[in-house]
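A.B. asks: 3D model of this:
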Amino acid sequence: MTTKHPDHSKESKRINRIIGQLQGIQRMIDSGQYCINILNQTKAVSSAVHSLETALLEKHLQHCVRNAFDPNHDEADREKKIEELLTLFRKRL
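C.D. replies: The predicted structure follows:
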């Protein structure tokens, strides 16, 4: 069974904002800005990346995982989806 992936265009916009934030940090470093100001911006980027990850995970659960648990769906794909999530969360420990 072929599954269409969810639309990630909003996440693409988030990535562009993150890229802009990173470029701003590069400019701050290049111009010799105060360390704490740079660190505040890196924390903002970290928060933005975390929000991006959360949005992607939510879409994955709502679309890909939900579809895998449809009664007409393949049991092997269900197991694959579970293993993918377990692998992902093991990487974060």
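A.B. asks: from His60, how far out is Pro6?
C.D. replies: Going from Pro6 to His60 by CB to CB, to the nearest Å gives 8 Å. In short, each C-beta sits where N, CA and C put it, glycine included.
A.B. asks: actually Asp70, sorry about that
C.D. replies: For Asp70, the distance to His60 - CB to CB - is 15 Å.
A.B. asks: compare the two (neighbour count), which wins?
C.D. replies: More neighbours surround His60 than the other of Asp70 and His60, with 17 against 12 (other CB atoms under 10 Å).
A.B. asks: which residue ranges of this structure form helices?
C.D. replies: Secondary structure of the chain (DSSP state H): helices at 9-30, 35-59, 66-68, 75-91.
A.B. asks: can you tell me which residue sits nearest the middle of this protein?
C.D. replies: Nearest to the geometric centre of the chain sits Glu53, at 2.5 Å (CA atoms, centre = their mean).
A.B. asks: if I look at it, how far off is Ser47?
C.D. replies: 11 Å.
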